[in-house]
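K.L.:
Any chance you can model this:
(one chain, ligands or ions: 1)
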Amino acid sequence: MAHGDTTGPFDKTPGWLDWYDGPSVPTFRMPPGAVDAHCHVFGPGGEFPFAPERKYTPCDASAEQLFALRDRLGFDRNVIVQATCHGADNSALVDALQRSEGRARGVATVRRDVAEDELQRLHEAGVRGVRFNFVKRLVDRVPTDSLEEIVAKIAPLGWHVVIYFEAEDLPELYDFFSGIQAPVVVDHMGRPDVSKDPEGPEFGLFLRFMRENENVWTKVSCPERLSVTGPRALDGEQQAYTDVVPFARRVVEEFPDRVLWGTDWPHPNLKDHMPDDGLLVDYIPRIATTDDLQRKLLVDNPRRLYWPEDALEGE
Ligand code: 0GY
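P.N.:
Sure thing, here's the model as predicted:
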């Protein structure tokens with residue numbers, strides 16, 4: 001790894017991803033209790049088969065590997081998000097939550113006909129939200145009346161809705177999203193085109209969406225997906241993903257109590273480069289520039305959403 005100090009060998013057992021030469025140990029020291037609020041487990045396919053309707057087949061990425069990454073980077077906890085390649089079969093997610101010893105919570109995918117006792121089972125395993133995906137390359141569109149039915153079923157459990165969409169689709173989806181009667185978490189700032197002006201109309205609509213809907217939060221994650229300039233340094237090793245910084249920093253500063261951050265490990269569908277998660281962690285202080293903003297982003301906000309019982313204890 002070119003970046004940072006690896007301070008000793010990373011124990012890549014059991015079966016660490018063989019294509020993955022990382023991660024480096026970040027320079028940035030996270031506040032105690034930091035949460036990686038967006039990451040995945042995939043399979044292993046032999047044990048937890050991928051969904052027949054999936055649009056891609058990922059690498060296997062196990063719970064043990066995820067927890068090794070957590071410890072390596074300095075996170076305390078994870079929020080594991082169901083990805084489309086597992087469809088609405090949440091078995092791998094539930095298995096990972098159960099292995100986490102209370103250090104992971106989850107976001108599941110369910111269908112409109114999901115039974116109440118299934119939702120209860122997911123809740124007991126640590127699921128606290130459902131994910132609606134609108135990214136066309138990942139899923140076939142689900143009708144909004146189905147999604148409304150799901151919202152009505154999960155609301156009594158105190159769950160929230162995670163939405164994933166691309167910026168060009170926000171105008172069409174704006175009213176539906178604004179009507180969701182539950183907390184809403186937007187993945188990756190609604191995927192702005194960062195070659196455009198952060199003060200321009202496209203990102204302006206996203207900022208307006210957050211301003212008008214106080215139940216809306218966002219993950220200021222995935223610079224590695226959004227960046228055009230990429231991981232290569234523009235003016236120094238630490239300056240990866242520079243073009244995404246003004247977007248994420250703007251959101252963190254305007255909505256400090258409604259932002260989350262996650263690695264997105266193991267970075268499905270990124271074909272041009274495999275991100276170094278250590279470098280991604282070192283991006284955090286560039287978008288959350290004070291101790292106070294970092295603590296909110298990494299500790300207080302995710303705990304309020306995923307471990308509210310802990311947040312209450314601390315008050
Ligand atoms: C992410 C991003 C992607 C994939 C998925 O559910 C998924 O398959 O979310 C992507 O390809 O942009 O957040 O994992």
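
K.L.:
Check what pLDDT the nearest residue to Asp169 once chain neighbours are set aside gets.
P.N.:
Nearest residue to Asp169, sequence neighbours excluded (CB to CB, 6 or more residues apart in numbering): Phe134, at 6.0 Å. From N, CA and C alone the C-beta is placed, and that goes for glycine too. On pLDDT, Phe134 comes in at 97.

K.L.:
show me where the stretch 101-250 of the chain has strands.
P.N.:
Per DSSP state E, counting those that start in this stretch, the stretch 101-250 of the chain carries strands over the ranges 104-108, 127-133, 160-164, 184-186, 216-219.

K.L.:
Please produce a markdown table containing those, extended by mean neighbour count and distance to the ligand.
P.N.:
A markdown table is the format used below for these (neighbours: other CB atoms under 10 Å; distance: least, CB to the nearest ligand atom, whole Å):
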| stretch | mean neighbour count | distance to the ligand |
| --- | --- | --- |
| strand 104-108 | 25 | 10 |
| strand 127-133 | 23 | 6 |
| strand 160-164 | 23 | 6 |
| strand 184-186 | 24 | 11 |
| strand 216-219 | 23 | 9 |
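
K.L.:
I'd say Val259 and Leu297 touch.
P.N.:
Yes. Counting by CB atoms under 8 Å, Leu297 is a contact partner of Val259 at 5.3 Å.

K.L.:
which residues are common contacts for the two?
P.N.:
Common neighbours of Val259 and Leu297, using CB atoms under 8 Å, 6 or more residues apart in numbering, are 220, 252, 288.

K.L.:
and which of those residues is nearest to the ligand?
P.N.:
Val220 (13.0 Å; CB to the nearest ligand atom).

K.L.:
My read is that that closest one contacts Asp264, right?
P.N.:
No. Applying CB under 8 Å, one finds Val220 not in contact with Asp264, separated by 11.8 Å.

K.L.:
got the residues of the chain near the ligand?
P.N.:
With CB under 6 Å from any ligand atom as the criterion, the chain meets the ligand at residues 83-85, 133, 138, 164, 187, 225, 264, 268-269.

K.L.:
Out of those residues, which sit inside helices?
P.N.:
Among those, the subset assigned to helices under DSSP state H consists of Arg225.

K.L.:
can you put the strands of the stretch 101-250 of the chain in JSON lines and add distance to Asp292?
P.N.:
Shown next, in JSON lines, are the strands of the stretch 101-250 of the chain (distance: least, CB to CB, whole Å):
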{"stretch": "strand 104-108", "distance to Asp292": "24"}
{"stretch": "strand 127-133", "distance to Asp292": "25"}
{"stretch": "strand 160-164", "distance to Asp292": "24"}
{"stretch": "strand 184-186", "distance to Asp292": "21"}
{"stretch": "strand 216-219", "distance to Asp292": "18"}
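
K.L.:
could you pull out the helices for this protein?
P.N.:
Under DSSP H, the chain gives helices at 63-73, 91-99, 116-125, 144-154, 170-178, 201-212, 223-226, 245-254, 277-281, 284-287, 291-295, 301-306, 308-314.

K.L.:
Who are the packing partners of the first one?
P.N.:
Counting contacts by 3 or more CB pairs under 8 Å, 6 or more residues apart in numbering; DSSP states H and E, helix 63-73 is packed against strand 35-39, strand 77-81, helix 91-99, helix 277-281.

K.L.:
do you know which of these lies nearest Val151?
P.N.:
strand 77-81 (17.7 Å; CB to CB).

K.L.:
Parallel or antiparallel, list what pairs with that closest one.
P.N.:
Here strand 77-81 has these sheet partners by DSSP bridges: strand 35-39 (parallel), strand 104-108 (parallel).

K.L.:
As TSV, these with mean pLDDT and distance to Arg54 would be great.
P.N.:
Below are the strands paired with strand 77-81 laid out as TSV (pLDDT from 0 to 100; distance: least, CB to CB, whole Å):
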stretch	mean pLDDT	distance to Arg54
strand 35-39	98	19
strand 104-108	98	16
